[in-house]
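Novice: Here's a sequence, model it:
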Amino acid sequence: MNIHFIAIGGAAMHNLALALHKKGETITGSDDEIFDPARTRLAEQGLLPDSEGWHPERITKELDAVVLGMHARENNPELLRAKELGLRIYSYPEFLLEQTLTKTRVVIGGSHGKTTVTSMILHVLKQLRKPFDYMVGAQIEGFDTMVGLSEEARIAVFEGDEYLTSALDPRPKFHVYRPHIAVVTGIAWDHINVFPTFENYVEQFRIFSQKIERDGKFIYFENDPNLIELAGSLRSDLTPMPYGTHPYQVLEGKTWLQTKNGDVPLQVFGEHNLQNIQAAHLVCRQLGVTDKDFYGAISSFKGAAKRLQMLAETDDCAIFQDFAHSPSKLKATVTAVRQQFPGRKLTACMELHTFSSLTADFLPEYKDSMKDAHQAFVYYNPKTIEHKQLAPITPDQVALAFGGRQVTVFTDSAELVKTLKTLDYHGRNLLLMSSGNFDGLNLKALALDILS
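Specialist: Numbers count the residues shown, from 1 in each chain. So this is what the prediction gives:
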């Protein structure tokens, strides 16, 4: 097939382009700006556009499909030309569905943990050498791309993002995939620029459950009241399958799964990951994986990029990076590090970076989300608020929302770094949490510098 990508530089889009190129398809693309790592990765495969910008003259009848990226607008000149020629135009999730219509589709949704659960399933299947297609929202060790498509695989495992599909399609992405096996890890309000009320947000997961294919499975976290209610109102042909926290113990800073055939050591930790493992275990059972094979494979899972990723460590200090940015994610991540290292102090540092987190009306949702840390820092850049065209917020507002005196707020990343470097890290862990990068900080270099 000849496939053209409008906005090929996006994180998801360039990975799909690379996956299709690897599959043997002919790929072209365009974008008005392309940054690393997409730029380098596309260039290495000969897929980097020779110039930035939109080129409607490149949209011809020879194209079999056009894939439309999220940041392409309705008036995009290439999109208009594709419509004029009557070409087949797909959003990113629509194209993934088209490629996997004859396969068993597993879709993992939820406000938190979906990337990790997806990554766990992929790791197990790969260890067992079972062919599969996939899409996941982070880089995973052992995988060249975040998307994989093939002819031979009979299984497709997708991370189900609830954000919007494209400029032409306002549906959440996970409404498109029509899973045979659906997972929802939990519901905690997010994306308030799209889902203005909690009730509206919850409704998206109800719609997702209605999109499950006939005689499908609905796997859900048993301690979420909204999911309990949702599971009780499923279609009669669907099978609800609740999961909780896998039995475990922590010995000398290492977490062990407790199973009927003995304890299994893990590379990851935290109760949220023990819940993620249970979800992945249930999915793998539905795909024919035995318990013995599952535990043998999950033992070597090291986590997805930026999900409690170790940046540097000494005998009595560990510095972690985590993608956590919403209140529920912050709380789960902070609690996990405290429980894993009960004898160490914890400095937790997070960046307000998303639309929701920088909105004054949403800030109170963060109350006590970092209360388990011995020391809590919050950073935000006022220029980011201007760029997102939001009303200004003050450091006092932020501190009050998080819990008052226990939180120190920074608006200058250099001042934050200066403060972090003054701390005594003997017997102390540092947790750096953001969906951004603290305005360009190299967190790995910072961690190494701190511990040097």
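Novice: strands paired with the lowest-mean-pLDDT helix or strand in the chain, and their directions?
Specialist: Among the helical and strand segments of the chain, the one scoring lowest on mean pLDDT, DSSP states H and E is strand 164-166, with a mean of 86. Neighbouring strands of strand 164-166 in its sheet, by DSSP bridges, are strand 169-172 (antiparallel).
Novice: what about the strand it pairs with, average pLDDT?
Specialist: The pLDDT scores in strand 169-172 average 90.
Novice: I'd like the mean pLDDT over the helix or strand following that strand, please.
Specialist: Using DSSP states H and E, the helix or strand that follows strand 169-172 in sequence is strand 181-184. Strand 181-184 carries an average pLDDT of 98.
Novice: Pull up the gap between residue 385 and residue 353, please.
Specialist: In this view, residue 385 and residue 353 are 10 Å apart by C-beta to C-beta, to the nearest Å. (Glycine included, C-beta is placed from N, CA and C.)
Novice: Equivalent analysis for residue 99, please.
Specialist: Distance of residue 99 to residue 353, given as C-beta to C-beta: 32 Å.
Novice: swap in residue 40?
Specialist: 24 Å.
Novice: Am I right that residue 392 is in a strand?
Specialist: No - looking at residue 392 with DSSP: H, G, I helix; E, B strand; the rest coil, it is coil, so not inside a strand.
Novice: Hmm, it is touching residue 385, no?
Specialist: Yes - counting by C-beta atoms under 8 Å, residue 385 is a contact partner of residue 392 at 6.1 Å.
Novice: Compare these two (neighbour count), which wins?
Specialist: More crowded of residue 392 and residue 385, by other C-beta atoms under 10 Å: residue 385, with 18 against 10.
Novice: host element of the more buried one?
Specialist: helix 382-387.
Novice: ok, and what's touching that helix?
Specialist: 353, 358, 391-393, 411 (C-beta atoms under 8 Å, 6 or more residues apart in numbering).
Novice: Just the pLDDT for residue 328.
Specialist: pLDDT, residue 328: 88.
Novice: Give me the nearest residue to it, chain neighbours excluded.
Specialist: The shortest distance from residue 328 to any non-neighbouring residue, by C-beta to C-beta, 6 or more residues apart in numbering, is to residue 188 (3.8 Å).
Novice: Report pLDDT for that neighbour.
Specialist: 89.
Novice: Mind giving me the packing neighbours of the longest helix anywhere in the chain?
Specialist: Longest helix in the chain, counting residues (DSSP state H): helix 271-286. Taking 3 or more C-beta pairs under 8 Å, 6 or more residues apart in numbering; DSSP states H and E as contact, the helices and strands that helix 271-286 lies on are strand 104-109, helix 114-127, strand 181-184, strand 217-221, strand 239-243, strand 254-259, helix 291-298, helix 327-340.
Novice: Repeat the analysis, applying 7 Å as the threshold.
Specialist: Other elements packing on helix 271-286 under the criterion 3 or more C-beta pairs under 7 Å, 6 or more residues apart in numbering; DSSP states H and E are helix 114-127, strand 181-184, strand 217-221, strand 239-243, helix 291-298, helix 327-340.
Novice: separation between the closest residue to residue 425 other than its chain neighbours and residue 105?
Specialist: Nearest residue to residue 425, sequence neighbours excluded (C-beta to C-beta, 6+ apart): residue 317, at 4.5 Å. As for residue 317, its distance to residue 105 is 43 Å (criterion: C-beta to C-beta).
Novice: that older thread, gap between the least confident helix or strand of the chain and the chain center?
Specialist: 16 Å (C-alpha atoms, centre = their mean, to the nearest Å).
Novice: Ok, stretch 156-166 next?
Specialist: Distance of stretch 156-166 from the chain centroid (C-alpha atoms, centre = their mean) equals 10 Å.
Novice: tell me how far the ends of that stretch are from each other?
Specialist: Taking C-alpha to C-alpha, to the nearest Å, stretch 156-166 runs 22 Å from one end to the other.
Novice: Okay, now the unreliable bits of this structure?
Specialist: 404 (pLDDT under 70).
Novice: would you list every one of the helices in it?
Specialist: For the chain, the helices defined by DSSP H cover 11-23, 38-44, 77-84, 92-99, 114-127, 198-210, 225-231, 271-286, 291-298, 327-340, 382-387, 395-402, 413-422, 443-451.
Novice: Just want the angle from the first one to helix 92-99.
Specialist: When you say that, I think you mean helix 11-23. Per axes from the mean of the first three to the mean of the last three C-alpha atoms, to 10 degrees, the angle that helix 11-23 makes with helix 92-99 is 30 degrees.
Novice: before we move on, back to that, from the contacts of helix 382-387, which would you call buried?
Specialist: 353, 358, 393, 411 (16 or more other C-beta atoms under 10 Å).
Novice: mind putting these in TSV, distance to residue 54 included?
Specialist: Formatted as TSV, those follow (distance: C-beta to C-beta, whole Å):
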residue	distance to residue 54
353	28
358	30
393	35
411	36
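Novice: Surely residue 70 is in contact with residue 10?
Specialist: Yes - applying C-beta atoms under 7 Å, one finds residue 70 in contact with residue 10, separated by 6.2 Å.
Novice: Report the distance from stretch 31-48 to the chain centre.
Specialist: 22 Å.
Novice: Just the endpoints, please. Distance across that stretch?
Specialist: 10 Å.
Novice: Stretch 231-238 too?
Specialist: OK, stretch 231-238 end separation, C-alpha to C-alpha: 9 Å.
Novice: So which bits of that stretch are buried?
Specialist: For stretch 231-238, the buried set under the neighbour-count rule, 16+ other C-beta under 10 Å, comprises 231, 234, 238.
Novice: Give me the domain ranges for this structure.
Specialist: Here the domain assignment for the chain is 2-87, 95-298, 309-451, based on automatic domain parsing.
Novice: Would you check how far apart residue 389 and residue 358 are?
Specialist: 11 Å.
Novice: try residue 41
Specialist: For residue 41 relative to residue 358 (C-beta to C-beta), the value is 30 Å.
Novice: Isn't the residue nearest to residue 425 up against residue 431?
Specialist: No - look at residue 317 against residue 431 with C-beta under 7 Å: they stay out of range, at 11.6 Å.
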